[in-house]
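Undergrad: need a 3D model of the following:
(chains A and B)
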Amino acid sequence: MAKLDITTEGDTHVVVTRHFAAAPEAVYRAHLEPALIQQWMLGPDGWSMPVCISDPRPGGRLRYEWASEDGKGFFLTGEFVELTPFERIVHVERMHLPDPTPDNHIVTTFAAHGTGTLMTMRMTLPDAETRTMMLATGMEHGMEAGYVRLEALI
Amino acid sequence: MRSFDIRLDTTFGALADPTRRAILAQLALGEATVMDIARPFAMSQPAVSRHLKVLEGAGLIVRRIEGTKRPCRLVPGALDAVDDWLRQLRAGLEANYDRLDALLAAPRPN
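TA: Next up is the predicted model:
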């Protein structure tokens, strides 16, 4: 039930779905409030997020900075586009590795599902190559999937 | 580690093209000649050959000589580095959401 599902759509989309046992309001807030984000959006073990700026209103900025125990780091910047409380977040983001990656346009929805929430994150990249490179470099918070191989071989 | 990264860059660069992924998918079914490969793509043989060169350079396929033909096949295990990398990345995301589960299950501070 809680299984992470990652698929591609067309040449430029990536869709991530995940079920949570909590209500949409709680999951929505955990994606916007720095004190909450800093507790979970950390990627692999050994990483922390010392800086988290999130100003959730249209045009508001976001900036996440990650640091590893062995002194490595990178950051992400973005802007919020549109917010529907507890239902939907639209934002644009890019990684800095340190050169900025092309913009990733993301619509995240939080739908009541049983007593929990079904979260769907739909990403749109400028082109197929960017999508592959994004998946390859780990994009936002160390995500991505083994489906690239699936796509390559099936 | 550095050479592993460079190798991954080359591999992902080769995979970053839908035609090349489709060629790999076809080769997953078995060895094929340039002509076999070009057929479903409405593409000239030189165009296909260019893609094959990229795949060969990335170590994803090998070609042998058989008379005038040069059949291609997948290199076994060539995508293992990609698999390992993607597994690691997926694990990072799963770790995120597992932490979020725990956070959501904890009593709310306010």
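
Undergrad: quick check: which element contains the closest residue to chain A within chain B?
TA: Per CB to the nearest CB, B:Gly92 is where chain B lies closest to chain A, at 2.8 Å. All C-beta atoms are positioned from the backbone trio N, CA, C, and that covers glycine. For B:Gly92, the host element (DSSP states H and E) is helix B:80-105.

Undergrad: which strand is the longest one in chain A?
TA: Longest strand in chain A, counting residues (DSSP state E): strand A:73-84.

Undergrad: measure how the helix or strand that that one is followed by sits relative to strand A:73-84, angle-wise.
TA: With elements assigned by DSSP H and E, the helix or strand that comes after strand A:73-84 is strand A:88-96. Comparing the axes of strand A:88-96 and strand A:73-84 via axes from the mean of the first three to the mean of the last three CA atoms, to 10 degrees yields an angle of 160 degrees.

Undergrad: packing partners for strand A:88-96?
TA: Helices and strands touching strand A:88-96, by 3 or more CB pairs under 8 Å, 6 or more residues apart in numbering or on different chains; DSSP states H and E, are strand A:73-84, strand A:104-113.

Undergrad: which residues in chain B form helices?
TA: Under the criterion DSSP state H, helices of chain B are mapped to B:2-15, B:18-27, B:34-38, B:45-57, B:80-105.

Undergrad: how far does the fourth one sit from the chain's center?
TA: Averaging C-alpha positions (CA atoms, centre = their mean, to the nearest Å) puts helix B:45-57 15 Å from its chain's average.

Undergrad: buried set for that helix?
TA: By 16 or more other CB atoms under 10 Å in any protein chain shown, the buried positions in helix B:45-57 come out as B:Val48, B:His51, B:Leu52, B:Val54, B:Leu55, B:Glu56.

Undergrad: separation between the residue lying closest to B:Arg20 once chain neighbours are set aside and B:Ile23?
TA: Spatial nearest neighbour of B:Arg20, excluding adjacent residues (CB to CB, 6 or more residues apart in numbering or on different chains): B:His51 at 5.1 Å. The spacing between B:His51 and B:Ile23, counted by CB to CB, to the nearest Å, is 6 Å.

Undergrad: what residue ranges in chain A are flagged as low confidence?
TA: Low-confidence segments of chain A, defined by pLDDT under 70: A:1-2, A:132-154.

Undergrad: go with 50
TA: Residue ranges of chain A with pLDDT under 50: A:1, A:139-154.

Undergrad: what sits closest to B:Ser44 if chain neighbours are left out?
TA: Nearest residue to B:Ser44 in three dimensions, chain neighbours excluded: B:Ala38, at 7.1 Å (CB to CB, 6+ apart).

Undergrad: what sits against the one you found?
TA: Counting by CB atoms under 8 Å, 6 or more residues apart in numbering or on different chains, B:Ala38 touches B:Ser44, B:Gln45, B:Ala47, B:Val48.

Undergrad: on that earlier part again, what sits against the residue nearest to B:Arg20?
TA: B:His51 is in contact with B:Asp17, B:Thr19, B:Arg20, B:Ile23, counting by CB under 8 Å, 6+ apart.

Undergrad: if we use 10 Å, what do you get?
TA: Listed by CB atoms under 10 Å, 6 or more residues apart in numbering or on different chains, the contact partners of B:His51 are B:14, B:17, B:19-20, B:22-24, B:34, B:37-38, B:41, B:43, B:61.

Undergrad: the helices of chain B: lowest mean pLDDT?
TA: Least confidently modelled of those is helix B:2-15, at a mean of 67 by mean pLDDT.
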